[in-house]
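> what follows is a predicted protein model with its sequence.
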Amino acid sequence: MRLVRYFVTVAHTRHFTRAAEQLFITQPALSQAISKLERLLDAQLLVRDSRSVVLTSLGERFLEKAEEILKATDEALHVVMQARAERHRLLRVGFIPGVGAKMTLILEKTEQLVPGLTIQTRRLDWIRQESAVVEGDVEVGFARRPLAAPELDSMTIESEPRYLCVNQRHRLSNRRSVSITEIAGEPVVTSSTCPSVEWRDYWAVVPRPDNSEVRWGPAVDSLEEMLDVVSRGRGVCITAASVAYGYQHTAVSFIPVIDVSESSVAMCWRRDNDSHLVHSIRKAAQAVISTDRPANKSP
């Protein structure tokens, strides 16, 4: 169904880059997904070149039915999953690595508010931090801003400084702090599966205060891969303080960046999800935030 959803978005925009932005995936990943769908169907749905995307006659017919299928599927899944969660007192929560300490406090508070509640947590890749909630794989997600999916509501649960991650042989590795201007020209490690262009640019600090061009380095799929690439001196990256604290690596150094905004961790949910369990975790989050219990943010 995800492949069908990707096809419908491409068909509506008639543009792979714009469709990828709407779906919060990269353009190469979207192109591969459409090719996979065509292989599974053994049919050509699109004719594409560097300038345009045109539906084949079969693609036009498939689009009409695909839209009906997606609408019916979304409605059915939303009703069933919400009812099942309420009946079994099951709350599925997704999170990306390094979202900070307050998630644990919020889950503990939610369990206090709802006796007998079962919370299932699921680790999400960067690319899925929004779509997993939108598509109903989880009811609530803990993610990092920026968030772009219009179907979601969210609240910021904590903010923390951003850190530069460099190889320990790097010229800046022994510094107590750095300015973003000091890495001008350095290759910046990026994500091959980032949720959106806004996400990629935020973590690379685009645009730069000095208007310098960003030099893109290797693309990675996970935090672990990012640290490995940096440790081998193939680029630098910018990450959050909690990542620096929780993902110690003997071959890299983490240094506070003094002149960029802090990173915000958000809890998000579908705007149309009015279940008691989602209401309860929102209430728990508000209670934790108002208490403002300190968390260790120093690596």
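That came in fine, so what should we check first?
> CA atoms for contacts and neighbours, from now on please.
Fine.
> could you pull up the residues touching the closest residue to Val54 other than its chain neighbours?
Leaving aside its chain neighbours, Val54 sits nearest to Val47 (5.1 Å; criterion: C-alpha to C-alpha, 6 or more residues apart in numbering). Applying C-alpha atoms under 8 Å, 6 or more residues apart in numbering, one finds that Val47 lies in contact with 53-56.
> what's the helix or strand for Tyr245?
Tyr245 belongs to helix 241-246 when assigned by DSSP states H and E.
> report the buried residues of that helix.
Across helix 241-246, burial judged by 16 or more other C-alpha atoms under 10 Å covers 241-245.
> cool, and stretch 196-204?
So for stretch 196-204, counting by 16+ other C-alpha under 10 Å, buried means 196-200, 202-204.
> and for stretch 92-107?
92-103, 106-107.
> where along the stretch 51-200 of the chain do the helices fall?
Remark: helices assigned in the stretch 51-200 of the chain by DSSP state H, counting those that start in this stretch are 57-88, 102-113, 131-134, 197-204.
> which strands and helices sit next to the helix holding Tyr245?
strand 162-167 (3 or more C-alpha pairs under 8 Å, 6 or more residues apart in numbering; DSSP states H and E).
> and the strand it packs on, how far out from the chain middle?
Using C-alpha atoms, centre = their mean, to the nearest Å, the distance from the centre of strand 162-167 to the centre of the chain it belongs to is 20 Å.
> start to end distance for stretch 11-21?
Using C-alpha to C-alpha, to the nearest Å, one end of stretch 11-21 lies 14 Å from the other.
> quick check: mean pLDDT across that stretch?
Averaged over stretch 11-21, pLDDT sits at 85.
> mind listing what the residue nearest to Ala66 when sequence neighbours are not counted touches?
Spatial nearest neighbour of Ala66, chain neighbours left out: Val4 (6.7 Å); criterion: C-alpha to C-alpha, 6+ apart. Contacts of Val4 were listed using C-alpha under 8 Å, 6+ apart, and they are 37, 66, 70.
> quick revisit: closest one of the buried residues of stretch 196-204 to Glu130?
Ser196 (9.9 Å; C-alpha to C-alpha).
> sorry, back to before: how about a markdown table for the buried residues of stretch 196-204, with distance to Ser177 added?
Shown next, in a markdown table, are these (distance: C-alpha to C-alpha, whole Å):
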| residue | distance to Ser177 |
| --- | --- |
| Ser196 | 29 |
| Val197 | 27 |
| Glu198 | 25 |
| Trp199 | 24 |
| Arg200 | 23 |
| Tyr202 | 19 |
| Trp203 | 17 |
| Ala204 | 17 |
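> ok, so of those, who is nearest Ala11?
Looking across these and measuring by C-alpha to C-alpha, the closest to Ala11 is Ser196, at 19.2 Å.
> my guess is the closest one meets Ile25, correct?
Yes - between Ser196 and Ile25 there is a contact at 5.9 Å, judged by C-alpha atoms under 8 Å.
> now list whatever residues contact both of these two.
Common contacts of Ser196 and Ile25 (C-alpha under 8 Å, 6+ apart): Ile127.
> distance of Arg18 from Ser196?
11 Å.
> do the same with Glu135
Counting by C-alpha to C-alpha, the gap from Glu135 to Ser196 is 16 Å.
> equivalent analysis for Ala72, please.
Using C-alpha to C-alpha, Ala72 is found at 27 Å from Ser196.
> likewise for Arg271?
20 Å.
> same thing with Pro209?
21 Å.
> report the contact partners of Arg5.
Contact analysis of Arg5 by C-alpha under 8 Å, 6+ apart lists 66, 70.
> that one sits in which helix or strand?
helix 2-13.
> buried ones in that helix?
In helix 2-13, counting by 16+ other C-alpha under 10 Å, buried: 4-11.
> deepest of the helices of the stretch 51-200 of the chain, which one?
helix 131-134 (a mean of 21; mean count of other C-alpha atoms under 10 Å).
> can you tell me what sits against that one?
23-24, 94, 124, 138-141, 149, 151-152, 268-270.
> now list the buried members of these.
Here, 16+ other C-alpha under 10 Å leaves 23-24, 94, 124, 138-141, 149, 152, 268-270 buried among the contacts of helix 131-134.
> pop the domain breakdown of the chain in here.
According to automatic domain parsing, the chain comprises the domains 2-76, 89-159+264-291, 162-261.
> how far does the first one stretch from start to finish?
Domain 2-76 has an end-to-end distance of 16 Å (criterion: C-alpha to C-alpha).
> check the longest one too.
Distance between the two ends of domain 162-261: 8 Å, counting by C-alpha to C-alpha.
> and that domain, average pLDDT?
Here the average pLDDT along domain 162-261 is 89.
> also stretch 76-93?
73.
> going forward, count from 52.
Okay, using 52 as the starting number, the last item reads as stretch 127-144.
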